[in-house]
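Q: predicted model and sequence follow; I will ask about them next.
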Number of protein chains: 2
Amino acid sequence: MIMDERKKRILQAIIDDYIDTAEPIGSRTIARKHELGLSSATIRNEMADLEEMGYLAQPHTSAGRVPSDKGYRLYVDKLMPAHDLKIEDIEKLRSEMEFRINELSQLLRQASAVLSRFTQYTSMAVSPQLRASTIKAIQVVPIETGKALVIVVNNADIVRNGLVKISEYIKPQALITISNILNNRLSGLALHQVNLHIIKELERETGVPGEILMPILDGAADCIEQIDNQELYVEGTSNILNYPEFKDVAKARELMSMIDEKSTICKALADNARKDGLTIKIGTENDLTWIKDCSLITVNYNIADKLSGTIGIIGPTRMEYPKVISSLRYISKIVSDEINRLTGQDPGTG
Amino acid sequence: MIMDERKKRILQAIIDDYIDTAEPIGSRTIARKHELGLSSATIRNEMADLEEMGYLAQPHTSAGRVPSDKGYRLYVDKLMPAHDLKIEDIEKLRSEMEFRINELSQLLRQASAVLSRFTQYTSMAVSPQLRASTIKAIQVVPIETGKALVIVVNNADIVRNGLVKISEYIKPQALITISNILNNRLSGLALHQVNLHIIKELERETGVPGEILMPILDGAADCIEQIDNQELYVEGTSNILNYPEFKDVAKARELMSMIDEKSTICKALADNARKDGLTIKIGTENDLTWIKDCSLITVNYNIADKLSGTIGIIGPTRMEYPKVISSLRYISKIVSDEINRLTGQDPGTG
DNA sequence: TGTTAGCACTCAGAGTTAGCGAGTGCTAAC
DNA sequence: GTTAGCACTCGCTAACTCTGAGTGCTAACA
């Protein structure tokens, strides 16, 4: 059987309607609402064909048709109407993102919150990961007697710090010397290259005994660990309860408890994270069975080829794809611009 | 009518059972399960009395009794069995909190997650607020040409930093001078005292023109703002769907969407935050109507009289109060100990 | 040959009814 | 004061019916 233009128009009409109503769509509805110039009987025949071809399914004999994953796939690839955000939506999104945010974690949390509020789906954001992370600078700053602050900056200008206790007898001047040696010795190294071997060398070079050096190096190691640490922000989980497909509490609970597990979400995103740009996984296209009734749309953004992160939206397969895609694109653009601003990669727009 | 010992024992038995089963409790159940040496008829009479006194309520004539908020209040204040965490629970909680966490935000998130997993309720944690926050140290560290890191440490040793762009012509040495002046001039001040007036003074003292000083001061201001910023962590919202009292999706959605709004939760916690130690608000004792079917248990912890924060659990009024209270106490102890460790207030336990 | 009107058929969901059983309050006896 | 007995209440469940949206098929039509 051949997928002609008419079939496509009918399929599109069905999916558009179904996304709206979440009710199985009958031939009469299509004949009435869409001006295809066809009677319900003709549409009925076409719908039977579309079902045979696997684009539609029937919950039970006497019900209308429902799109299958394959149907959604065609819709997303070929049929879906172009969607540009309305000017007022752009304004709204921009203004909600406008808070002056100076911390990566808050920026992502914010982005996720804005997205979920706007789309009414569940949104998540993963803190950017370094492709090849190296240490740009290490500094040790005396704070008060017995306390110093260790600061690590990596090549993407992500900064972490930690307070460390040090011997009360170290003079501030000595600390600065240690700081300089550390900085010279470690900067440029990949994070994982800081090993015991190097520590031994440092001990020798600085002439500072290990037990004094150790807390500082421990502090630095913690900072490095934190930089590598992948943080996940999920917002708008309660939206799930709005979809009729999850009116059954048991089903909603299953999905929500999976989403509550950060590690599960990370697994779901991991697969998409490798690709560039926008990825759409519809229902069973997802490897994980618990998302088999949902679609997962993610955008990966790269920053100066060093950082890469993911922002995504999860919702029922019956999802407003056009709207979700355009808003996701828009927000991810804002986020990467902001990260650029934060880390000073881009001297541009300010 | 007088509240004698027997009535109390019966009330306790009813509440204990109801917490377990979430089903209205009948007189026969109590007579059978609890060895009170009374027939169901006697218990029936007592239950009628307890209802008249307002401790119990009847969903409908032919159903058993259900505790009222007043009933829970008495239970919590007087009747509730003492509850100590089992050794294996303590071990479990401790080990789940044992991850070496070196960032406040992650520590709180973790605490919240552990609590919600253990109690099966929804848990939240608010980042500690300063009672009277002052600046302990400000440092400006050169990172590379045109970039510097501004670091602010407050009197509770909470550290924030931000990258700032600076003129490419400032020499590192000059930056250190600026850093020292800033530090001398600003440390000891309350965060809100850093105003335009002081900035003008700084300009004069350092001899550095405003347009060079400004980005640095802006960065410092951002850091200060971040320190003051109250962060909220909520975990285990999906647990709500496990309670039979929220088997109705509409009801669950109402609660969950409220919980999803960070600001709403903060409002709910605000009232408790002023008190010391543990606060229990049962049902309508809460000012906010959307929690009227829930209980909110919070613990405020203080750290060296400077920091104060809140950890809390929200669940149906039919809550396992003894368990929740003891685990909340335990976790909050761990959290404040950890914060002590992080900020080095307490040279103790390591 | 493709399109359409007509018709018999299907079946989920809403509404109705009946029966069950857990639980009550009251009364009278212990 | 306690308890056994009993009539009564009423939410819940299961069985049943009815309705209507939707289908597939057939035959007539352009």
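A: Arrived safely, thanks for sending.
Q: okay, the residue most central in space within chain A and residue B:307: tell me how far apart.
A: In chain A, the C-alpha closest to the average C-alpha coordinate belongs to residue A:311, at a distance of 2.1 Å (CA atoms, centre = their mean). When CB to CB, to the nearest Å is the yardstick, residue A:311 and residue B:307 sit 33 Å from each other. Any C-beta I mention is one placed from the backbone N, CA and C, and that applies to glycine too.
Q: next, the closest residue to DNA strand C within the stretch 1-150 of chain A: secondary structure please.
A: Distances between the stretch 1-150 of chain A and DNA strand C by CB to the nearest atom of the strand are smallest at residue A:62, namely 2.6 Å. For residue A:62, the secondary-structure state derived from DSSP: H, G, I helix; E, B strand; the rest coil is coil.
Q: for burial, what's the neighbour tally of it?
A: The number of residues packed near residue A:62 is 8, by other CB atoms under 10 Å in any protein chain shown.
Q: for residue A:285, same thing?
A: Considering only other CB under 10 Å, residue A:285 is surrounded by 17 other residues.
Q: which strands and helices sit next to the helix or strand of chain A with the lowest mean pLDDT?
A: Ranked by mean pLDDT, DSSP states H and E, the weakest helix or strand in chain A is helix A:196-206, scoring a mean of 78. With contacts taken as 3 or more CB pairs under 8 Å, 6 or more residues apart in numbering or on different chains; DSSP states H and E, helix A:196-206 sits against helix A:172-186, helix A:210-228.
Q: run the contact check for the shortest one versus chain B.
A: No - residues of helix A:172-186 contacting chain B under CB under 8 Å from any CB of the partner chain: none, with a closest distance of 9.3 Å.
Q: which helices and strands does that helix pack with?
A: Applying 3+ CB pairs under 8 Å, 6+ apart, we find helix A:172-186 packed against strand A:135-144, helix A:196-206, helix A:210-228.
Q: which one, of those, ends up nearest to residue B:137?
A: The stretch from the helices and strands packed on helix A:172-186 with the least distance to residue B:137 (CB to CB) is strand A:135-144; that distance is 5.3 Å.
Q: which bits of chain A sit near DNA strand D?
A: Neighbours of DNA strand D within chain A, by CB under 7 Å from any atom of the strand: A:23-29, A:40-41, A:44, A:47-48, A:51, A:58, A:61-65.
Q: pull the contacting residues for the residue nearest to the centre of chain A.
A: A:108, A:111-112, A:115, A:123-126, A:298-299, A:301, A:328, A:331-332, A:335 (CB atoms under 8 Å, 6 or more residues apart in numbering or on different chains).
Q: where does the stretch 251-350 of chain A get nearest to DNA strand C, residue-wise?
A: Using CB to the nearest atom of the strand, the closest approach of the stretch 251-350 of chain A to DNA strand C is made by residue A:251 at 14.3 Å.
Q: that residue: which element?
A: When secondary structure is defined by DSSP states H and E, residue A:251 falls within helix A:249-260.
Q: run the chain-centre distance for that helix.
A: Helix A:249-260 has its C-alpha centroid displaced from the chain centroid by 20 Å (CA atoms, centre = their mean, to the nearest Å).
Q: quick revisit: so which of the contacts of residue A:311 belong to helices?
A: Counted as lying in helices by DSSP state H, out of the contacts of residue A:311, are A:108, A:111-112, A:115, A:328, A:331-332, A:335.
Q: show me which of these is closest to chain B.
A: For the ones in helices among the contacts of residue A:311, the minimum distance to chain B (CB to the nearest CB) is 11.5 Å, reached by residue A:112.
Q: list the residues that contact that closest one.
A: Under the criterion of CB under 8 Å, 6+ apart, the contact list for residue A:112 reads A:123-125, A:233-236, A:311.
Q: list the neighbours of the helix or strand where residue A:42 lies that are in contact with it.
A: Using DSSP H and E, the element containing residue A:42 is helix A:40-52. Contacts of helix A:40-52 with the rest of the structure, by CB under 8 Å, 6+ apart, involve A:1, A:6-7, A:10-11, A:14, A:26-28, A:30-31, A:36, A:38, A:56-58, A:65, A:71.
Q: ok, and what's touching the least confident helix or strand of chain A?
A: Residues outside helix A:196-206 that contact it (CB under 8 Å, 6+ apart) are A:177-178, A:181-182, A:185-186, A:189, A:209-210, A:213, A:217.
Q: closest to DNA strand C out of the residues you listed?
A: Minimum separation from DNA strand C among the contacts of helix A:196-206 (CB to the nearest atom of the strand) is found for residue A:189, which lies at 62.3 Å.
Q: wait, doesn't that closest one sit right on residue A:137?
A: No - counting by CB atoms under 8 Å, residue A:189 sits too far from residue A:137 to count as a contact (11.6 Å).
Q: which residues does residue A:25 bridge with?
A: The residues listed as beta-bridge partners of residue A:25 by DSSP bridges are residue A:65.
Q: now do the contacts for it.
A: Going by CB under 8 Å, 6+ apart, residue A:25 touches A:14, A:17-18, A:64-66.
Q: ok, now with 7 Å
A: The contact partners of residue A:25, by CB atoms under 7 Å, 6 or more residues apart in numbering or on different chains, come to A:14, A:17-18, A:64-65.
Q: mind telling me the two of those farthest from one another?
A: Taking CB to CB as the measure, the contacts of residue A:25 reach their widest spread between A:17 and A:65, a distance of 10.2 Å.
Q: rewinding a little: most tightly packed of the helices and strands packed on helix A:172-186?
A: Neighbour counts (mean count of other CB atoms under 10 Å in any protein chain shown) averaged over each of the helices and strands packed on helix A:172-186 peak at strand A:135-144, with a mean of 22.
Q: output that strand in CSV with nothing but the alpha carbons.
A: Taking only C-alpha atoms (Å, rounded to 0.1, in the frame of the first residue of the first chain), the coordinates of strand A:135-144 have been written out as CSV:
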residue,chain,number,x,y,z
ILE,A,135,42.7,22.4,35.4
LYS,A,136,43.2,26.1,34.5
ALA,A,137,44.1,27.4,37.9
ILE,A,138,44.4,26.4,41.5
GLN,A,139,44.6,29.0,44.3
VAL,A,140,44.9,28.7,48.0
VAL,A,141,43.7,31.7,49.9
PRO,A,142,44.2,32.3,53.6
ILE,A,143,40.9,33.1,55.3
GLU,A,144,41.9,33.3,59.0
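Q: mind listing what it pairs with, with the direction of each?
A: The strands that strand A:135-144 pairs with in its sheet are strand A:147-154 (antiparallel) (by DSSP bridges).
Q: what does residue A:94 show for phi and psi?
A: The phi and psi values for residue A:94, taken as degrees, to the nearest 10, are phi -60, psi -40.
Q: how many residues are close by it?
A: As a measure of burial, residue A:94 has 13 neighbours, counting by other CB under 10 Å.
Q: tell me, what's the model's pLDDT at it?
A: In the predicted model, residue A:94 carries a pLDDT score of 93.
Q: and what of residue A:129?
A: The pLDDT attached to residue A:129 in the predicted structure is 77.
Q: what's near enough to touch it?
A: Residues near residue A:129 by CB under 7 Å, 6+ apart: A:230, A:308-309.
Q: okay, now residue A:280: neighbour count?
A: Residue A:280: 19 neighbours (other CB under 10 Å).
Q: with residue A:184 instead?
A: Counted with other CB under 10 Å, the neighbours of residue A:184 add up to 11.
Q: look up how far chain B lies from it.
A: Using CB to the nearest CB, to the nearest Å, residue A:184 is found at 14 Å from chain B.
Q: check contacts around the residue in the stretch 151-300 of chain A positioned nearest to DNA strand D.
A: When scored by CB to the nearest atom of the strand, the stretch 151-300 of chain A has residue A:249 as its residue closest to DNA strand D, at 14.6 Å. The contact partners of residue A:249, taken as CB under 7 Å, 6+ apart, are B:241, B:247, B:249.
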